[in-house]
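Chemist: Just need the structure, nothing else, for what follows:
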Amino acid sequence: MENPLYVHEESEGSVLLNFPHSGTWVPPDVAAQLNPLGRKITDTDWHVPKLYEFARGSVSWLQATHGRVVVDLNRDPQGANLYPGQATTGLCPVTEFTGAGIYRDGQHPDIAVRRARYFDPYHQQLADQIERIRARHGFCILLDCHSIKSTLPLLFSGQLPDLNLGTFDGVSCAPQLADLMMLSLQDNGFSFVQNGRFKGGWITRHYGKPAQGVHALQLEISQACYMDENQPEQFDTGKAAALQTVLQNLITRLTQAQIS
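Modeler: Numbers count the residues shown, from 1 in each chain. As a prediction, this is how the structure comes out:
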């Protein structure tokens, strides 16, 4: 029997935290297709749910269990490149972020099967939770929670800022929420950028419809802020403490936000 596709928790508040890339489970049929590098699931958003653990109970929560190598929940299911002209990976990645292949010779993903089995059910649950919250409050604040290695030459030059807020250039949420996020994240000892290299993936762009009461924002965190990037399976509690203080302030402000 396969693992459940997600961990789902409901609260009465207006905020929904979504974790599409933190899963590490790979079903046996997919694992059999992957080469040794692919089975390391190197492009995982390591430990991101643990960073936000303090918020459980005060927010609604949706967390993928399966790894990004199975299907990328934050990619356009039609295959469109969200960042034209820049390197990216697809709905079913065949390379890691360094550009190295992750499949055994002669093996390749069946995209239609993966989408039906993993992508569509997850997004149905995400859509249902957004609508439940919107119906209760008149609006829903969706925070898409991510992390990434601090240096990835294939994707960006130099070192990534610590905190990267994406609002699809202001399209996916009300300006007051973008301002609130900015005030919460800047000048806290971490470098910050808004709508830089990461403007928000497919989830932010697809669900963010502020005119309809759905406000979506993406926060991409450099993994150097809270872990040793050379030992990705280990969470550094001491290193993460300062970051979690910033995140606690952020979530408190979001849960108290009222949007007319």
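Chemist: Grab the nearest non-local neighbour of I41.
Modeler: Nearest non-adjacent residue to I41, counting by Cβ to Cβ, 6 or more residues apart in numbering: G67, 4.6 Å away. The C-beta positions use only the backbone N, C-alpha and C, and glycine is treated the same way.
Chemist: Tell me if I'm right that that neighbour and T24 touch.
Modeler: Yes. If you go by Cβ atoms under 8 Å, G67 and T24 touch, sitting 5.4 Å apart.
Chemist: any shared contact partners between those two?
Modeler: I41, T44 (Cβ atoms under 8 Å, 6 or more residues apart in numbering).
Chemist: What pLDDT does the model give the residue nearest to I41?
Modeler: We have a pLDDT of 97 for G67.
Chemist: who has more neighbours, G67 and T24?
Modeler: G67 (24 against 14; other Cβ atoms under 10 Å).
Chemist: list the contacts for the more buried one?
Modeler: Here G67 is in contact with G23, T24, W25, V26, I41, T44 (Cβ under 8 Å, 6+ apart).
Chemist: Compute the number of surrounding residues for the closest residue in space to H21 that isn't next to it in sequence.
Modeler: Using Cβ to Cβ, 6+ apart and skipping the chain neighbours, the partner closest in space to H21 is D45 (3.9 Å). Here the count is done by other Cβ under 10 Å, and D45 has 22 residues near it.
Chemist: Where does the closest residue to L250 other than its chain neighbours fall, secondary structure wise?
Modeler: Closest residue to L250 apart from its sequence neighbours, by Cβ to Cβ, 6+ apart: S184 at 4.1 Å. Under the criterion of DSSP states H and E, S184 resides in helix 175-185.
Chemist: same deal with S60?
Modeler: Here S60, judged by DSSP H and E, is contained in strand 60-64.
Chemist: do the same with A216
Modeler: strand 214-222.
Chemist: hang on, the earlier thing: verify the contact between the residue nearest to L250 and Q248 for me.
Modeler: No. Counting by Cβ under 8 Å, S184 does not reach Q248; the two are 9.8 Å apart.
Chemist: and the two? which has more neighbours close in?
Modeler: Taking neighbours as other Cβ under 10 Å, S184 and Q248 compare with S184 leading, 21 against 14.
Chemist: Sweet, I'm off.
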